[in-house]
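Asks: what would the 3D arrangement of this be:
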Amino acid sequence: MSHAALFAVTLLITLLALSFWLTQRQEARQQSARLQQHRQVAQRCLDLLQALQLHRGLGAMQGAGNLEQRTRVARQLDDLWLNWPGASLQLPALQQDWPQLRRKPGDFDAHCRLIEALLAVIEQLEDRLYRHDQPAIRGLGEACRSLEDLSRLRGLAVRAASYERCPPGLQMQLRFLCERLLSQKQAPPLQALIERLQTGLIESSQVQLSPDDCFALLTPLIEQRLQGIRLGLD
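Replies: Take a look at the predicted model:
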C-alpha cells in the first residue's frame with residue numbers, strides 16, 4: 001500500500017472514530033438532559049402534590065385566615081400548572097382539571113381524583129428514572145401514596161370536626177385510613193396522633209376537636225414526611 005493510501009485509510013479511521021466519539025458524547029448529553037428534566041418534573045409534581053393536598057384540607061375550613069391561606073395556595077397552584085410538560089414528556093394533561101377545581105375548593109372527591117392522577121404521573125417518572133440507572137428513586141411512588149393517606153386523613157378529619165358527632169360515612173372512611181396507616185411501620189408520634197383523633201373525634205359521642213385543631217395536628221407531620229421525600233429525590 002502506498003504512503004498516500006495508508007494516510008487516507010488512517011485519516012478515514014480517525015475521522016470515523018472521532019465521529020463515533022462525538023455521537024456518543026452527544027447522546028450522553030441528551031440522556032443527561034432528559035434525566036435532569038424528569039427529575040425537575042418530579043420535583044414539580046411534589047410541589048403540586050403538597051399544594052393540592054393543602055388546598056383540599058383548607059377547602060372545608062372557615063374563617064378569614066383560612067380563606068386567605070387557601071387563596072394563596074390557589075395562586076401557587078396557578079403558577080405551578082403553567083407550562084406543564086405533559087405533551088412533551090408523554091404525560092397526562094392534568095392542568096386542564098384545575099380551573100374547575102379552583103372554583104369548587106370544597107369538592108373533596110374532585111381533589112382526590114386529581115391527586116390520584118398526579119400520583120400515577122409520579123410513579124411513571126419513577127419508572128423512567130429507575131430504568132436509567134437511578135436506583136435511589138425507587139420507592140418514590142409508594143412514599144407519596146403513604147403521604148396521601150395521611151393528607152386524606154387530615155382532609156376528612158377537618159370535615160368531621162365541623163359536626164357535633166362524626167357522621168357515619170366520614171367515620172367509616174376515617175377508621176379505614178387509621179387502620180391502614182397503623183398497619184404500616186409508623187413512628188410513635190403518628191400512633192399518638194391517631195389515638196387522639198380516635199378518642200376526640202372518630203369514636204367520641206361528641207366531637208372534642210375543632211377543624212383548626214385537626215388541621216394543626218396533622219399538617220406538621222405531613223410536611224415532615226414530604227421533606228423526607230424531597231431529600232430522597234435530590
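Asks: over to G106: give its phi and psi.
Replies: Dihedral pair for G106: phi -90, psi 0, per degrees, to the nearest 10.
Asks: pull the contacting residues for it.
Replies: Neighbouring residues of G106 by CB atoms under 8 Å, 6 or more residues apart in numbering: G59, A60. No exception for glycine: its C-beta is placed from N, CA and C like everyone else's.
Asks: against E148, how distant is it?
Replies: From G106 across to E148, the span is 19 Å (CB to CB, to the nearest Å).
Asks: same thing with P220?
Replies: From P220 over to E148 (counting by CB to CB), the distance is 17 Å.
Asks: going on from the lowest-mean-pLDDT helix or strand in the chain, what's the next piece of helix or strand?
Replies: Every helix and strand of the chain was ranked by mean pLDDT, DSSP states H and E. The lowest is helix 3-58, at a mean of 71. For helix 3-58, the following helix or strand on the C-terminal side (DSSP states H and E) is helix 64-81.
Asks: just checking, what packs against the helix or strand following that next one?
Replies: Note on helix 64-81: by DSSP H and E, the next helix or strand toward the C-terminus is helix 98-103. Helix 98-103 makes packing contacts with helix 64-81, helix 108-131 when contacts are defined by 3 or more CB pairs under 8 Å, 6 or more residues apart in numbering; DSSP states H and E.
Asks: quick one: mean pLDDT over the longest one.
Replies: To tie it back to what came earlier, the one meant is helix 108-131. Averaging pLDDT along helix 108-131 gives 93.
Asks: and the angle for the following helix or strand past it with helix 64-81?
Replies: Reading on from helix 108-131 to the C-terminus, the next helix or strand found by DSSP H and E is helix 140-160. If you take axes from the mean of the first three to the mean of the last three CA atoms, to 10 degrees, helix 140-160 sits at 150 degrees to helix 64-81.
Asks: in helix 140-160, what counts as buried?
Replies: By neighbour count with 16 or more other CB atoms under 10 Å, helix 140-160 contains the buried residues 140-141, 143-144, 146-148, 150-160.
Asks: picking that back up, most tightly packed of the helices and strands packed on helix 98-103?
Replies: Of all these, helix 108-131 carries the top mean neighbour count, a mean of 17, counting by mean count of other CB atoms under 10 Å.
Asks: quick revisit: between the helices and strands packed on helix 98-103, which gets nearest to C166?
Replies: Of all those, it is helix 108-131 that lies closest to C166, at 15.2 Å by CB to CB.
Asks: give me the angle between the closest one and helix 140-160.
Replies: Using the same axes, to 10 degrees: helix 108-131 against helix 140-160 is 170 degrees.
Asks: starting at the chain centroid, how far to helix 108-131?
Replies: Averaging C-alpha positions (CA atoms, centre = their mean, to the nearest Å) puts helix 108-131 7 Å from its chain's average.
Asks: all good on my end, thank you.
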